[in-house]
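Chemist: A structural model of the following input is requested.
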Amino acid sequence: MHDLLKPSDTLVAELASLDGDLLILGAGGKIGPSIARLARQALGQAGVPKRVIGVSRFGEPGLAQQLNEEGIETIVADILDDAQLQALPLVKNVLYLAGTKFGTTNREPYTWAMNTYLPGRVAEKYRDSRIVVYSTGNVYPYTSVLSGGATEAHRAEPVGEYGQSCLGRERIFQHFSSVYGTPLLIYRLNYAIDFRYGVLLEVAKAVLAGQPIDLSTGHVNVIWQGDANEMALRSLLHCEAPSKILNITGPETVSLRWLAHEFGAHFQQVPTFIHEEQPTALLSNAAESFRLFGYPRTTLKQMIQITADWLLKGGETINKPTHFQERKGNY
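Modeler: Numbers count the residues shown, from 1 in each chain. Modelled structure (predicted):
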């Protein structure tokens, strides 16, 4: 599994070729620490003295210190406070991971402030940088499970306020990319998984516990978090003005029923199901990303094996469910 966390030779070469340092806004969340570590490792292998700077409120005790010890500079800041945002250093390469999803129901004003207002402030400050903006497949409507998923050309029609606020984030960044000529890539990700969180873990836990699997949303896309991180960093070389949109996910439309049976075989359990598969699901077509970066290194079968092994040995998990079953956009 260790090899699945290492930077590829291509990533090492591409990050070395970039001019300027790297700033990660939202470096303390679910994705931020792993992408900061991957960047630091790649630059270390390249022997290039570029800085990796992570900005976050860093609510998790000890995380900032841990990252510092690994050679990643940290700045503790609430960037929704404009004074703290303006005090940040100007850096040539920016990954924008800040945003909010879970618990957004009943906190809609905060959700819009984080996901739609803040991007305008960041886009103004970093107008002279290249920016990869994390977004989500939630900006797409549900598509037929037979369609291969929504491509980047598909019209955005988000369901619910979370998806709407994320489309707002994209539109605001796109506006300032046009105004200032800021090179930008909108990185529409769903769903990234790790052995500690994600759709596969949620299905595996249910099978292992003998809980029924809800098949209402019967098909998903998944990609290994390490592969998604690598594609995000490599996306810095594909920023454009006006902005480029890129779907990031795995190549398969994965059947939840099949997935449950795969885990059942690992656990010697017969999975049970409730409801029937709907003809539509939230699915993305990432063929363009494969053209740019190649296929993800980590296969679906490997992800299933890693997740099953981790659960069986009682490995630590992160309690941040994806809510992939949600069909009305209420997160």
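
Chemist: Just give the nearest non-adjacent residue to Ala27, would you?
Modeler: Of all residues not flanking Ala27 in the chain, Gly54 sits nearest, at 2.9 Å (Cβ to Cβ, 6 or more residues apart in numbering). Quick note: C-beta positions are derived from backbone N, CA and C, even for glycine.

Chemist: that's a helix at that neighbour, yeah?
Modeler: No - under DSSP: H, G, I helix; E, B strand; the rest coil, Gly54 falls outside any helix and is assigned strand.

Chemist: number of nearby residues for it?
Modeler: If you count neighbours by other Cβ atoms under 10 Å, Gly54 ends up with 30.

Chemist: Could you list the low-pLDDT ranges of the stretch 101-250 of the chain?
Modeler: The model of the stretch 101-250 of the chain has pLDDT under 70 over residues 102-105.

Chemist: in it, which spans are helices?
Modeler: In the stretch 101-250 of the chain, the segments counted as helices under DSSP state H, counting those that start in this stretch are 108-112, 118-125, 160-180, 199-209, 225-234.

Chemist: and the fourth one, how far out from the chain's middle?
Modeler: Here the centre of mass of C-alpha atoms in helix 199-209, compared against the chain's by Cα atoms, centre = their mean, to the nearest Å, lies 20 Å away.

Chemist: What is it packed up against?
Modeler: strand 192-193, strand 213-214, helix 256-267, helix 300-312 (3 or more Cβ pairs under 8 Å, 6 or more residues apart in numbering; DSSP states H and E).

Chemist: Mind doing that once more with 6 Å?
Modeler: helix 256-267, helix 300-312 (3 or more Cβ pairs under 6 Å, 6 or more residues apart in numbering; DSSP states H and E).

Chemist: Domains of the protein: list them as residue ranges, please.
Modeler: Structural domains annotated on the chain: 2-193+224-248, 199-221+253-312, as defined by automatic domain parsing.

Chemist: Tabulate those in TSV, adding columns for distance to Asn319.
Modeler: Shown next, in TSV, are the domains of the chain (distance: least, Cβ to Cβ, whole Å):
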stretch	distance to Asn319
domain 2-193+224-248	10
domain 199-221+253-312	10
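
Chemist: and of those domains, who's closest to Ile318?
Modeler: domain 2-193+224-248 (6.8 Å; Cβ to Cβ).

Chemist: chain center to that closest one: distance?
Modeler: Relative to its chain's centre, domain 2-193+224-248 lies at 8 Å (Cα atoms, centre = their mean).

Chemist: quick one: Ile75 is in a strand?
Modeler: Yes - counting by three-state DSSP, Ile75 falls inside a strand.

Chemist: Look up how far Leu5 lies from the residue most central in space within the chain.
Modeler: Centroid-nearest residue in the chain, with Cα atoms, centre = their mean: Leu189, separated by 5.0 Å. Distance, Leu189 to Leu5, by Cβ to Cβ, to the nearest Å: 18 Å.

Chemist: Tell me the pLDDT of the nearest residue to Val203 once chain neighbours are set aside.
Modeler: Closest residue to Val203 apart from its sequence neighbours, by Cβ to Cβ, 6+ apart: Leu259 at 5.3 Å. With respect to pLDDT, Leu259 scores 98.

Chemist: so how many other residues sit close to Leu259?
Modeler: If we define neighbours as other Cβ under 10 Å, then Leu259 has 23 of them.

Chemist: What of Ile75?
Modeler: 18.

Chemist: Next: Ser17.
Modeler: Neighbour tally, Ser17, other Cβ under 10 Å: 10.

Chemist: Please report how far the residue nearest to it when sequence neighbours are not counted lies from Ser178.
Modeler: The shortest distance from Ser17 to any non-neighbouring residue, by Cβ to Cβ, 6+ apart, is to Leu237 (7.6 Å). Per Cβ to Cβ, Leu237 is found 21 Å from Ser178.

Chemist: Of these two, which one has the most company?
Modeler: Each of Leu237 and Ser178 has its neighbours counted (other Cβ under 10 Å); Leu237 has more, 16 against 13.

Chemist: Quick check: the more buried one vs Gln268, distance?
Modeler: Leu237 is 46 Å from Gln268, by Cβ to Cβ.

Chemist: Switch the helices of the stretch 101-250 of the chain over to JSON lines; also include distance to Leu312.
Modeler: Shown next, in JSON lines, are the helices of the stretch 101-250 of the chain (distance: least, Cβ to Cβ, whole Å):
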{"stretch": "helix 108-112", "distance to Leu312": "37"}
{"stretch": "helix 118-125", "distance to Leu312": "41"}
{"stretch": "helix 160-180", "distance to Leu312": "34"}
{"stretch": "helix 199-209", "distance to Leu312": "8"}
{"stretch": "helix 225-234", "distance to Leu312": "20"}
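
Chemist: Which of these sits closest to Met303?
Modeler: Closest approach to Met303 among the helices of the stretch 101-250 of the chain (Cβ to Cβ): helix 199-209, 5.8 Å.
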